[in-house]
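[1] Provided below are the primary sequence and the corresponding predicted coordinates.
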Amino acid sequence: MTPFTYARAADPDDALRLAARDGTAYLGGGTNLVDLMRETIAQPARLVDVSGLPGAIEETDEGGLLIGAAVRNSALAEHRLVRTRYPVLGRALLAGASAQIRNMATVGGNLLQRTRCAYFYDSDGSRCNKRAPGSGCDAVAGFNRNHAILGASPACVATHPSDMCVALAALDATVQLQSAQGARTLPFAELHRLPGEHPERDTMLAPGELITAIALPPLPAAARSTYRKVRDRASYAFALVSVAAVIELDGDRIADVRIAFGGVAHKPWRAARAEALLRGGPATPAAIRAAAAAEFADAAPLRDNGFKVELATRTLVATLGDLVGATA
Amino acid sequence: MSISINGALAELPQDPRVSLLDFLREDLHLAGTKKGCNQGACGACTVLVDGERILSCLALAVQYDGRAVTTIEGLAEGGVLHPLQQAFIEHDGFQCGYCTPGQICSAIGMATEARRGAASHVTADLTAAVTLSREELQERMSGNLCRCGAHNGIIDAIGEMVAAELAA
Ligand SMILES: Cc1cc2nc3c(=O)[nH]c(=O)nc-3n(C[C@H](O)[C@H](O)[C@H](O)COP(=O)(O)OP(=O)(O)OC[C@H]3O[C@@H](n4cnc5c(N)ncnc54)[C@H](O)[C@@H]3O)c2cc1C
Ligand code: FES
Ligand code: FES
């Protein structure tokens, strides 16, 4: 690891002050950053520890939820209101990593975790535009079974690895940020970006900008929601594809539906086309399949990952089928 | 800057690059905690911090200033093995033993999580009381790999511990 200095921030202002110089990175639980530093993929000169910043899980006046960025993934999954009102979020968290890692990982760190593309991690042997801009992408013509089928570019076909983020995309969460310029709020869909020509940039955050909290809107329909993850082994593996879904029924019609896919793109993929087709219609397997077909009409599979289109389609059919069958 | 390790205070390392795992093994010569992958993928380095299981390989020691760490060396009391250590022996919960300290610390943390009602990925109803079926134990322990394939004995041993707790 490249040498660095370490300082603990007491509050957001303290964190911003400590992080004012270039070459500073915020440290959450360290489960991603420490690994990347050990591989010299990340080489910050200073770490500002924000894992102890104040901020709990609070119900808002409107009936939503405000989640401090330093809240641990395990604490969020355990929270009573997450389990009862936002089961899709609880299930996404429990599907991620291992219990030990969830005890360490913060919400802020989970949002900004980097791709698990093997070429990104292979700093000695592979070309990667995300790690070394302009060097090329060895995944495009390499082993790309785990890579993106939607929204990729010739420069990068990596996927975003988070489970939690897929649920947050479906829930229309917002992200609260703070910087020297002041505070701002981003809709979740605008936090992560598609790779385009600049895959080295995962998000729309400005350098040094601090995530302070995530807000969930009140969403009674989310009581009927779930997360389904398909992976190579039953536990402790990243998603091949995953689905986060919220459904509201009116008799046997779909009054409202929210769908996000994980494992298919550089960011959690909100399936707006599929949602529009399903709204007002029947929740039959044929209708869900047709909606998935529309969503994946522009899919551009690579050599090894064509299976993801059918896998994501079937996972959506199964997930919505479960939700329709379940009594909320 | 100091940290409690199995009840004894220790000075934290000057260099912030030192992981909690290397600090335990190299500086304090507590070699019970094992380094399997050093990247969060195997669970061999699991220790308890204030009773919660974490991976010491991904933890910078400085970040744990003021906290209380328990390692496998801290479990026996007065020369008597922790009941789970004993159960591992009785149920053939290991072959080479490399993953064992991590498995045992992890299972103790797991039992605490279950006691306060934490659900898991395989829990059908997120709001129901916890029942630790074999499938639940397997999922909750999935962060600890065993290259020797002693998993059945490991789950048997942990099952005995949680059953004894319920009976108590
Ligand atoms: C073996 C293994 C398996 C895993 N499996 C899964 C899985 O199946 N699903 C899944 O979703 N995840 C998985 N993970 C990833 C894990 O969820 C992330 O590593 C974790 O969520 C990161 O959180 P952290 O607090 O440890 O972040 P850190 O590693 O501390 O930080 C990550 C990034 O976030 C930045 N950051 C942290 N906090 C803030 C803040 N408040 N404001 C601005 N920037 C901030 C840091 O600077 C850094 O760039 C796995 C990890 C490992 C090691
Ligand atoms: S050594 Fe820490 S998880 Fe493998
Ligand atoms: S006993 Fe050998 S790795 Fe588990």
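    Great, that's in hand. Ligands and ions are numbered 1, 2, ... in the order given.
[2] Hmm, A:Asp163 is touching A:Leu89, no?
    No: using Cβ atoms under 8 Å as the test, A:Asp163 is too far from A:Leu89 to be in contact (9.7 Å). Quick note: C-beta positions are derived from backbone N, CA and C, even for glycine.
[3] domains of chain B?
    Taking automatic domain parsing as the reference, chain B has its domains at B:2-74, B:83-167.
[4] State the phi and psi torsions of residue 86.
    Just going to use chain A. Main-chain dihedrals, A:Tyr86, degrees, to the nearest 10: phi -130, psi 60.
[5] Let me rephrase: I mean chain B.
    phi -60, psi -40.
[6] And for B:Leu137?
    Torsion angles at B:Leu137 (phi, psi; degrees, to the nearest 10) stand at phi -60, psi -40.
[7] Tell me the secondary structure at the residue nearest to it when sequence neighbours are not counted.
    Nearest residue to B:Leu137, sequence neighbours excluded (Cβ to Cβ, 6 or more residues apart in numbering or on different chains): B:Ile155, at 5.2 Å. Classification of B:Ile155 using DSSP: H, G, I helix; E, B strand; the rest coil returns helix.
[8] B:Ile155 - how many residues pack around it?
    By the criterion of other Cβ atoms under 10 Å in any protein chain shown, B:Ile155 has 19 neighbours.
[9] A:Thr319: how many residues sit nearby?
    Burial of A:Thr319 is recorded as 22 neighbouring residues (other Cβ under 10 Å).
[10] which ones are touching it?
    A:Thr319 sits next to A:226, A:228, A:243, A:245 when contact means Cβ atoms under 8 Å, 6 or more residues apart in numbering or on different chains.
[11] can we see that at 10 Å?
    By Cβ atoms under 10 Å, 6 or more residues apart in numbering or on different chains, the contact set of A:Thr319 is A:88, A:225-228, A:242-245, A:247, A:259, A:288.
[12] tell me the contacts of residue 105?
    Defaulting to chain A. Contacts for A:Ala105 were tallied using Cβ under 10 Å, 6+ apart; they are A:28-32, A:51, A:71-74, A:76, A:93, A:96-97, A:113, A:164, B:58.
[13] The chain in question should be chain B.
    For B:Cys105, the contacting residues are A:100, B:32-33, B:43, B:45-48, B:53-54, B:56, B:70-72, B:74-75, B:84, B:144, by Cβ under 10 Å, 6+ apart.
[14] interface residues of the stretch 51-200 of chain A facing ligand 1?
    Residues of the stretch 51-200 of chain A lying close to ligand 1 by Cβ under 6 Å from any ligand atom are A:69, A:96-97, A:101, A:104-106, A:108-110, A:112-113, A:161-164.
[15] Try it again at 8 Å.
    Where the stretch 51-200 of chain A comes near ligand 1, counting by Cβ under 8 Å from any ligand atom, the residues are A:51, A:53, A:69-70, A:73, A:92, A:95-98, A:101-102, A:104-114, A:116, A:161-165.
[16] which of the contacts of A:Thr319 lies closest to A:Gly125?
    Taking Cβ to Cβ as the measure, A:Ser242 is the one of the contacts of A:Thr319 closest to A:Gly125, at 29.2 Å.
[17] That closest one: neighbouring residues, count only.
    So A:Ser242, with other Cβ under 10 Å, has 27 neighbours.
[18] if I look at it, how far off is A:Thr315?
    To A:Thr315, A:Ser242 is 7 Å away according to Cβ to Cβ, to the nearest Å.
[19] any residues in contact with both of those two?
    Here A:Ser242 and A:Thr315 have A:228-230, A:261, A:263 as joint contacts, going by Cβ under 10 Å, 6+ apart.
[20] Just the closest residue of chain A to ligand 3, please.
    Per Cβ to the nearest ligand atom, A:Tyr236 is where chain A lies closest to ligand 3, at 15.3 Å.
[21] Tell me how far that residue lies from A:Ser126.
    Taking Cβ to Cβ, one finds A:Tyr236 at 25 Å from A:Ser126.
[22] distance between the ends of stretch A:110-124?
    The first and last residues of stretch A:110-124 sit 26 Å apart, counting by Cα to Cα, to the nearest Å.
[23] quick one: it near chain B?
    Yes: using Cβ under 10 Å from any Cβ of the partner chain, we find that stretch A:110-124 touches chain B at A:Tyr121.
[24] just how off-centre is that stretch within its chain?
    Stretch A:110-124 has its C-alpha centroid displaced from the chain centroid by 14 Å (Cα atoms, centre = their mean, to the nearest Å).
[25] Now do the buried residues in that stretch.
    For stretch A:110-124, the neighbour count (16 or more other Cβ atoms under 10 Å in any protein chain shown) marks A:110-115, A:117-121 as buried.
[26] ok, the residue of chain A closest to ligand 3 - how many residues close by?
    As a burial measure, A:Tyr236 scores 21 neighbours (other Cβ under 10 Å).
[27] Same check on A:Gly280?
    A:Gly280 is flanked by 12 other residues according to other Cβ under 10 Å.
[28] cool, and A:Leu311?
    For A:Leu311, the neighbour count with other Cβ under 10 Å is 16.
[29] which residues sit in contact with it?
    A:230, A:240-241, A:263-264, A:305.
[30] Figure out the length between the terminal residues of stretch A:212-224.
    28 Å.
[31] avg pLDDT for it?
    In this model, stretch A:212-224 carries a mean pLDDT of 98.
[32] In chain B, which residue is most central in space?
    B:Cys105 (2.0 Å; Cα atoms, centre = their mean).
[33] If we ignore the residues flanking it in sequence, what's nearest that one?
    Excluding the flanking residues, the one nearest B:Cys105 by Cβ to Cβ, 6+ apart is B:Thr46, at 4.7 Å.
[34] repeat for B:Asn6
    Distances taken as Cβ to Cβ, 6+ apart put B:Gly74 closest to B:Asn6, at 3.1 Å, once the chain neighbours are dropped.
[35] measure that neighbour to ligand 1 for me?
    The gap separating B:Gly74 from ligand 1 is 25 Å, by Cβ to the nearest ligand atom, to the nearest Å.
[36] doesn't B:Leu48 make contact with that residue?
    Yes: using Cβ atoms under 10 Å, B:Gly74 is in contact with B:Leu48, at 8.4 Å.
[37] where along the chain do the strands fall?
    Assuming you mean chain A. Shown for chain A, the strands assigned by DSSP state E span residues A:5-8, A:24-27, A:46-49, A:57-59, A:65-68, A:174-179, A:182-187, A:210-216, A:225-230, A:241-250, A:253-262, A:269-270.
[38] nope, chain B
    Counting by DSSP E, chain B has these strands, from start to end: B:2-5, B:8-11, B:46-49, B:52-55, B:68-70.
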